[in-house]
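Visitor: Here's a sequence, model it:
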Amino acid sequence: MAFVIMVRENKGLDSPVCLHWEKAKYFCIFDEEGNCEIYEKKSEEFFLKTLKEKNVRGAFALSLGLRAINLLNKMNITVYTGDFRTVREAIEKYVSKELSVVKIIYEPIK
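Guide: Residues are numbered from 1 along each chain as shown. Prediction:
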């Protein structure tokens, strides 16, 4: 399964995670085995096109807005969060099941 994570620098598996997706200069598409490709985030259109082409099904984030979560969910991409600072740490936490799935629940006010 392919995953995406936004990173500040291109350092492969040791790339530091970017806290704010919109400010990220790069994004990394990777799998559970540690295969990793870093792309320059040229535009939102390029980013979304690449996610579709690479059949990404998971996104890792330290923080993410409602708009982004909803967009990813509409693309059938599950959003994960947890305590990780690099791509390598994110993979390790995913494999050891130490991450949480982010879900938005809309309920009417009662």
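
Visitor: now the strands for this protein?
Guide: Assigned by DSSP state E, the chain shows strands spanning 2-7, 26-30, 36-40, 56-60, 78-81, 100-102.

Visitor: buried ones in the third one?
Guide: By neighbour count on 16 or more other Cβ atoms under 10 Å, the buried set for strand 36-40 is Cys36, Ile38, Tyr39. Yep, even glycine has a C-beta here, placed from its N, CA and C like the rest.

Visitor: how about these in a markdown table, adding distance to Val102?
Guide: Shown next, in a markdown table, are the buried residues of strand 36-40 (distance: Cβ to Cβ, whole Å):
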| residue | distance to Val102 |
| --- | --- |
| Cys36 | 22 |
| Ile38 | 23 |
| Tyr39 | 23 |
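
Visitor: tell me which of these is nearest to Ser15?
Guide: Ser15 has its nearest neighbour among the buried residues of strand 36-40 in Ile38, at 6.5 Å by Cβ to Cβ.

Visitor: ok, now how distant is the closest one from Val7?
Guide: The gap separating Ile38 from Val7 is 7 Å, by Cβ to Cβ, to the nearest Å.

Visitor: same thing with Leu51?
Guide: Look at Leu51 and Val7: by Cβ to Cβ, they are 15 Å apart.

Visitor: who's more crowded, those two?
Guide: Ranked by neighbour count (other Cβ atoms under 10 Å), Leu51 and Val7 place Val7 first, with 25 against 20.

Visitor: what's the closest non-adjacent residue to the more buried one?
Guide: In space, and not counting its chain neighbours, Val7 is closest to Ser15: 3.8 Å by Cβ to Cβ, 6 or more residues apart in numbering.

Visitor: Can you show me the helices along this protein?
Guide: 44-53, 66-74, 87-95 (DSSP state H).
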